Every structure is written in C-alpha cells, then in structure tokens.
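For reference, the sequence and a predicted model appear below.
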Amino acid sequence: MMRKFTLLLLFLVISATMAMSQGIPNSTFEIWSITKMYDEPQFFNTGNATHYMLMNESNVSRSNDAHSGSYSLKLETKMFLFFPFPALVSTGSLDDMTSGGIPFADQPDSFIANLKYELNQDTAFIIIYFKKDGSVLTTNVFPVFGDQTSWKEFRFPLLPLGSNPDTVIIAFTSGQPESFTLTEGSYLMVDNISFTSVSTMIPNNSFELWNEVKSEDAEGWSSFNPYLSLFGLPPSVTKSTDAHNGIYSISVKTIDAAIFGGDLDTFGIALTGMIEEDGFGGGFALNSKPDSMSFYYKYNNSNNVMDMAIVGVFFSKFNTSNMQSETIDSFFWLLPAAFTWTRKSVSFTDTLAPDTANIVISSSNLLFDIKGVGNEILVDDMLFYFGGVGIPVQKVLSGTVVYPNPSSSVSHIDFTLQESLSVPVTVEIYNANGQLIQQFNTGIQTQGQHHFSFSTTELSSGSYILHLSSGKKNAFTTKLQVLR
C-alpha cells in the first residue's frame with residue numbers, strides 16, 4: 001500500500017498542469033527537456049531518492065561553500081511529509097546501518113573531518129563501523145551539537161581494533177531520527193575527511209566528485225522516468241530517431257523495474273496528465289471536443305506476441321457543484337504489432353464538451369494484464385481534428401521552407417499562414433538537450449504567404465531544432481544545422 005501511495009504522490013509532484021491550446025502538446029515529439037533532480041556524492045549513499053520522490057527536493061546536496069577545493073557535503077534536516085526528518089549519508093546501506101561499506105584494511109588512530117554546522121537543539125552524528133568477514137569489530141559514535149558557523153577541523157579518537165578490518169562504513173546524519181528536538185533547516189556540512197596513521201585514502205574524501213540524477217521527457221508529457229532515475233534504472237520512455245516525420249518520435253517500452261511490487265513492476269507508459277488513485281486525470285486544456293484523432297505508430301511485440309499496445313484518451317470537465325474535475329468520457333484502442341509506420345484514425349462520440357484531455361500511451365495491454373518486457377511502441381504525428389472537416393489545428397502553417405540549411409549567418413523562413421491569428425508567429429531555437437536558447441517574434445498574424453529572416457551568428461556549430469509556432473503548439477518543426 002505504501003508503494004502505491006508513493007507512486008501516486010510522485011505523479012502529483014512531477015506531472016505539471018498542461019495549459020495548452022486546442023492542439024495536442026508536442027504532438028510531433030520533437031521537443032524534449034532534461035530535468036535535473038539532485039546531485040549525488042560518488043562512493044556514498046544518501047536518502048535523496050526517497051525524499052525527492054515524496055517532497056520534490058533533496059536533503060543532501062553539493063555546496064559551493066567548501067573548506068578547500070570546490071565543494072563540500074551538506075546534510076540538512078527538512079520536512080518529510082509533515083515532520084522534520086534528518087539527512088543521512090553513508091558508505092554503507094541506508095536500510096541496515098551495519099551492512100555494506102567500502103574496502104579498508106588498516107588500523108587508524110583517529111578520524112578527521114572539517115565541519116561547519118548550525119544544529120539548534122538537534123544533535124548530529126558521525127558513525128564509523130569497522131568490519132571483518134561481515135561482522136562488526138568496533139562501533140564509533142561521535143555526537144555533534146551546537147553551532148559552528150565557520151570551518152573547523154575536528155579529530156575524533158577511534159576505538160582500538162586489535163586486528164585489521166576489511167571494511168569500513170562512514171555515516172553522517174544531520175540529526176537524530178525520531179527526536180522531538182529536530183528543527184527544519186538544521187544542517188551539517190562536511191569536507192576533507194581522513195583517517196590518521198594509515199596510508200589508505202577514503203574515496204571522494206573531499207567531496208569533489210558528484211553525479212547528476214536527471215531524467216528526460218517529451219515536453220508536455222509525463223512518464224515514470226524521474227522515478228526510475230532515482231533508483232539508477234534506465235528510462236521507459238525515450239526519444240527515438242526512427243520517426244515518421246521530423247527528427248524524433250516517442251518510444252514507450254515495457255520494462256521490469258522490480259521496485260514497486262506486483263503489477264506496477266512491469267510497465268511502460270507516457271501521458272499528458274497524471275495517474276490518480278482511481279484512474280487517470282489532469283491533462284491539457286480544451287474548449288471543445290475534437291471529432292477525431294489520428295497518429296502513426298510502430299509496435300514491436302516480439303517478446304510476447306499476445307501483448308498489444310494501448311492508446312487512450314480521457315476527457316474531463318470541472319464540476320462546479322462539487323468543485324472537482326470529473327471524467328466525462330474515455331476511449332481506448334488496442335494496437336496490434338506493426339513493424340512499419342501505420343496510421344491509426346479514430347473518432348469520438350458526440351458528448352459533453354470537455355475542458356481537459358489526457359492522452360495515454362502504453363506499451364503493454366494494461367486492460368487485460370498481458371505484458372511483454374521489452375515490447376516497444378513508437379508514436380508520431382498525433383493530431384486532433386475539429387469541426388468534422390478533418391483539419392488538424394496544428395497545421396496552421398503550410399509550405400514552410402527553411403534556407404539555407406546549414407546556415408552560417410542568416411536563415412530565412414518562407415511559409416503560408418492558413419488563417420489569421422490572434423497572436424503572432426514565433427520562431428524558437430532549441431539545443432540538443434531541448435533547452436530554448438533563442439526566440440524571435442515575427443509579428444506576423446495575417447493569413448497569406450510570408451517571409452521571415454533571423455540571425456544564427458550567436459549559435460555555435462552543431463544541430464538545433466527550429467520550432468515555428470503561433471499559439472498552437474507544433475505548427476512546424478525541423479532540424480537546423482549551423483556551421484562556422
């Protein structure tokens with residue numbers, strides 16, 4: 001039950017509300033963005049994954065305030081649900097303090113650490129276990145209390161060992177768990193740790209080595225990727241260069257994560273909204289219901305030929321009587337194997353006009369619990385159609401040509417605007433990481449043929465994504481090459 005709760009809470013945290021226009025957000029899957037969640041010190045374990053999963057922040061961080069070098073380790077007591085909770089860092093296991101550790105075969109006299117802290121009424125701890133053949137030889141516990149607002153070297157004498165160990169566990173905590181004196185914001189900073197009378201160095205003892213924990217998702221879409229990256233697992237949703245049109249499509253793959261328990265261990269899903277306790281919710285804004293939807297897909301179910309992919313759409317509307325958003329209609333389509341790009345066109349029944357739509361792409365048949373680990377669906381060019389005339393709202397631009405491409409100084413865009421607009425056409429340039437680095441407002445709003453030029457002199461050599469929009473997402477996207 002706890003795992004289910006944390007999974008639902010994760011999606012409430014990472015799934016932003018999509019305030020989009022009538023079109024499906026990022027429907028050609030050309031724009032991807034990388035989200036950095038936190039930094040993790042190499043050779044040390046922290047509780048950042050759990051804390052970030054529930055509170056959308058880490059409690060162990062890399063600090064630029066260092067005793068020497070560039071960085072130090074900072075442990076901070078922060079709110080965990082409704083209670084202050086201390087940070088924990090260890091070279092061993094976080095679940096069992098005496099488990100794990102790093103190789104160490106010397107008999108040191110003391111432990112040295114440069115510290116800086118403000119603990120209020122809390123007590124921080126430094127704990128060191130020496131082990132041999134899995135058994136603990138000595139346990140050293142050093143309390144730290146009070147305030148030390150400038151860096152100071154501390155020397156902690158160690159219990160005599162008598163024989164050489166083979167493993168050491170070094171742990172730090174910013175406070176005592178389950179203590180009533182814990183105060184949010186109390187911190188302990190650590191730098192340049194070492195043992196005396198030995199030649200063995202502690203790995204990353206000056207905390208200069210850190211790994212970034214981050215995930216990548218299609219802009220406007222959510223997935224389990226952030227959760228998976230917290231546990232060092234590969235993403236289940238990625239961009240694929242096997243695209244029906246443009247540079248990328250979205251790839252959703254069924255994986256066995258082995259972290260949730262039960263059916264949640266095997267999944268692959270991308271969606272424009274979020275997973276809620278009783279189904280799917282959230283999504284992007286609509287002011288009328290589309291007549292139909294089309295998309296292109298490829299589906300490789302070789303790992304379980306009984307498996308089928310699913311694309312579903314949930315339409316919801318805010319109910320003013322109970323002040324809640326309610327699902328008013330939903331549609332699912334089971335997709336068989338398709339090893340070449342295949343167009344799927346579906347119609348919606350004429351019911352209440354929604355204000356929100358949530359689109360779900362699953363790489364396995366969640367409806368009948370048939371799953372194949374490794375089965376993969378690629379989706380591209382996903383469009384809504386309105387007015388019964390089969391005109392996708394994203395295609396407000398036609399005949400678009402970008403030249404010269406590659407560009408060395410100036411690029412030109414010729415395009416035809418199919419309708420007059422209330423907002424001007426903009427040109428956006430994204431780098432390979434999906435970050436917006438340039439934006440130009442053309443000022444063009446009138447129907448007809450148009451020409452626009454922009455400078456590329458501030459761009460370094462390389463590949464970029466050019467995105468032409470008009471308040472209706474993904475009107476035109478192409479690859480722009482810059483040469484110097």
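Here it is on my side, so go on.

now residue 339: how far from residue 300?
As judged by CB to CB, to the nearest Å, residue 339 and residue 300 stand 7 Å apart. Yep, even glycine has a C-beta here, placed from its N, CA and C like the rest.

And those two? Which one has more around it.
residue 300 (17 against 10; other CB atoms under 10 Å).

quick one, what contacts the residue nearest to that one when sequence neighbours are not counted?
Of all residues not flanking residue 300 in the chain, residue 376 sits nearest, at 5.2 Å (CB to CB, 6 or more residues apart in numbering). Residue 376 sits next to 251, 252, 253, 254, 268, 299, 300, 363 when contact means CB atoms under 8 Å, 6 or more residues apart in numbering.

now residue 272
Per CB under 8 Å, 6+ apart, neighbours of residue 272: 18, 24, 25, 220, 221, 222, 282, 283, 284, 357, 358, 359.

Over to the spatially closest residue to residue 476 that is not a sequence neighbour. Which of the three states is it?
The shortest distance from residue 476 to any non-neighbouring residue, by CB to CB, 6+ apart, is to residue 468 (4.0 Å). Classification of residue 468 using DSSP: H, G, I helix; E, B strand; the rest coil returns strand.

and residue 468, bridged to which residues?
Beta-bridge pairing for residue 468 (DSSP bridges): residue 427, residue 476.

how far away is residue 84 from residue 196?
Distance, residue 84 to residue 196, using CB to CB: 34 Å.

Check residue 24 too.
63 Å.

and if you look at residue 321?
Counting by CB to CB, the gap from residue 321 to residue 196 is 72 Å.

Compare the two (neighbour count), which wins?
Neighbour tally, residue 321 and residue 196, criterion other CB under 10 Å: the higher count belongs to residue 196, 13 against 5.

Could I get the phi/psi values of the closest residue to the more buried one other than its chain neighbours?
Distances taken as CB to CB, 6+ apart place residue 110 nearest to residue 196, at 4.5 Å, with adjacent residues excluded. With angles defined as degrees, to the nearest 10, residue 110 sits at phi -140, psi 170.

surely residue 110 meets residue 153?
No. Applying CB atoms under 8 Å, one finds residue 110 not in contact with residue 153, separated by 11.2 Å.

quick one: which of the two has more around it?
Set residue 110 next to residue 153 and count neighbours by other CB under 10 Å: residue 110 wins out with 14 against 11.

can I get the contacts of residue 272 in JSON lines with neighbour count and distance to residue 39?
Shown next, in JSON lines, are those (neighbours: other CB atoms under 10 Å; distance: CB to CB, whole Å):
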{"residue": "18", "neighbour count": "22", "distance to residue 39": "29"}
{"residue": "24", "neighbour count": "29", "distance to residue 39": "34"}
{"residue": "25", "neighbour count": "22", "distance to residue 39": "30"}
{"residue": "220", "neighbour count": "21", "distance to residue 39": "27"}
{"residue": "221", "neighbour count": "25", "distance to residue 39": "25"}
{"residue": "222", "neighbour count": "25", "distance to residue 39": "23"}
{"residue": "282", "neighbour count": "23", "distance to residue 39": "29"}
{"residue": "283", "neighbour count": "30", "distance to residue 39": "32"}
{"residue": "284", "neighbour count": "23", "distance to residue 39": "32"}
{"residue": "357", "neighbour count": "26", "distance to residue 39": "36"}
{"residue": "358", "neighbour count": "27", "distance to residue 39": "33"}
{"residue": "359", "neighbour count": "25", "distance to residue 39": "33"}
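
Strands of the stretch 201-350 of the chain, residue ranges please.
Assigned strands in the stretch 201-350 of the chain, in chain order: 210-218, 222-223, 237-240, 249-253, 255-256, 266-267, 269-271, 274-276, 279-281, 284-285, 292-300, 309-319, 324-335, 338-347 (criterion: DSSP state E, counting those that start in this stretch).

nearest to residue 119, of those strands?
When the strands of the stretch 201-350 of the chain are compared by CB to CB, strand 210-218 sits nearest residue 119, at 24.2 Å.

In the closest one, which residues are buried?
Using 16 or more other CB atoms under 10 Å as the burial criterion, the residues of strand 210-218 that qualify are 210, 213, 215, 216, 217, 218.

surely the third one meets residue 229?
Looking back up the chat, that one is residue 215. Yes. Shown here, residue 215 and residue 229 form a contact pair, counting by CB under 8 Å, at 4.3 Å.

Now for the residue with the largest distance to the centre of the chain: which residues touch it?
Most distant from the centre of the chain: residue 162, at 48.3 Å, with distances by CA atoms, centre = their mean. Residues counted as contacts of residue 162 (CB under 8 Å, 6+ apart) are residue 137.

let's see 10 Å
107, 137, 138 (CB atoms under 10 Å, 6 or more residues apart in numbering).

Now do the residue nearest to the first one when sequence neighbours are not counted, the pLDDT please.
Put plainly, it is residue 107. Take residue 107 and drop its neighbours on the chain: the residue closest to it by CB to CB, 6+ apart is residue 161, 4.7 Å away. pLDDT for residue 161: 95.
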